[in-house]
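[1] predicted coordinates and the sequence they were generated for:
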Protein chains: 2
Amino acid sequence: MNTMTHAPNSLISSDRVEGTNVYNGEGEKLGSVDCVMLDKAKGNVAYAVMSFGGFLGLGEKRHPLPWQTLNYDEGKEGYVVNMTKEELKSAPTLDVNEYDRLADRTYGASVFSYYGQTPYWTPIA
Amino acid sequence: MNTMTHAPNSLISSDRVEGTNVYNGEGEKLGSVDCVMLDKAKGNVAYAVMSFGGFLGLGEKRHPLPWQTLNYDEGKEGYVVNMTKEELKSAPTLDVNEYDRLADRTYGASVFSYYGQTPYWTPIA
């Protein structure tokens, strides 16, 4: 563990990301980060996988979020994503034993499309 | 946690990387992965930070390794790096409370240079 800040050039350790709360822009807690999914070959971060306390009635569902949708808020000591709870209800989900679906490019494309982001495997122009 | 394999296009979860053993090419255990350091802005993996059991007399020292130096070996259920124990003794180290040094580009350049790798912040041509 470390205590570094989140300046533009800074680094964050994986074990600090795991367990960090995720809020929406209205300050409502959406869930917390379960883990980060890494693309081994390309060396980039594919997803943060968010888990819920079940308050949305989703039980053990997970939400894969494109890494770039997460913005750290020092005051909240958590990540903020620009999404209402209603929008989150329609977002792609996974069961806890379905993490390998994340490596499927068709499923992945649907996730990145939902959030209006460029897929992690797209070469940088 | 998940059970996915390490095929070229596959993803790996951060919590599976943490704690995974690291071996050299001779099969000697060098240490284990403490955590992975992520570049938040660029969305890539900067380092795997390896810790030791102290058998090299390094106490609580950590070794930052360029992510691309780690190759997963299914048989060993661990990562293999192409480095002898002697080479590791000369490698850059950190104290456990010095992880923020990893964000320093001068220090970072020395690490990537030691392992003959391109720094994580270098744009892809």
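    Perfect, thanks for sending it. Numbering: from 1, shown residues only, chains lettered A, B, ... in the order given.
[2] can you give me the end-to-end span of stretch A:78-93?
    21 Å (CA to CA, to the nearest Å).
[3] for stretch A:80-89, same thing?
    Start-to-end span of stretch A:80-89 (CA to CA) is 17 Å.
[4] how distant is that stretch from the center of its chain?
    Centroid displacement of stretch A:80-89 relative to its chain, using CA atoms, centre = their mean, to the nearest Å, is 12 Å.
[5] low-confidence stretches in chain A?
    Flagging of chain A using pLDDT under 70 yields the residue ranges A:1-9, A:53-60, A:124-125.
[6] could you pull out the buried residues of stretch A:36-43?
    Buried residues in stretch A:36-43, defined by neighbour count with 16 or more other CB atoms under 10 Å in any protein chain shown: A:Val36, A:Met37, A:Leu38, A:Asp39, A:Lys40, A:Lys42. Placement of C-beta: from N, CA and C, glycine included.
[7] got the buried residues for stretch A:91-108?
    Of all the residues in stretch A:91-108, those buried under the rule 16+ other CB under 10 Å are A:Ala91, A:Pro92, A:Thr93, A:Leu94, A:Tyr99, A:Arg101, A:Leu102, A:Ala103, A:Gly108.
[8] what's the closest non-adjacent residue to the third one?
    Read it as A:Thr93. Of all residues not flanking A:Thr93 in the chain, A:Lys61 sits nearest, at 4.4 Å (CB to CB, 6 or more residues apart in numbering or on different chains).
[9] thought the one you found was touching A:Met50?
    No. Here A:Lys61 does not reach A:Met50: they are 9.6 Å apart, not a contact under CB atoms under 8 Å.
[10] returning to what we had before: how close does the residue nearest to A:Thr93 get to A:Asp95?
    As judged by CB to CB, to the nearest Å, A:Lys61 and A:Asp95 stand 7 Å apart.
[11] give me the contacts around stretch A:38-48.
    Contacts of stretch A:38-48 with the rest of the structure, by CB atoms under 8 Å, 6 or more residues apart in numbering or on different chains, involve A:17, A:33, A:35-37, A:64-67, A:70, A:79, A:102, A:108, A:111, A:120-121, B:6, B:8-14, B:17, B:36, B:38, B:43-45, B:67-68, B:72, B:120.
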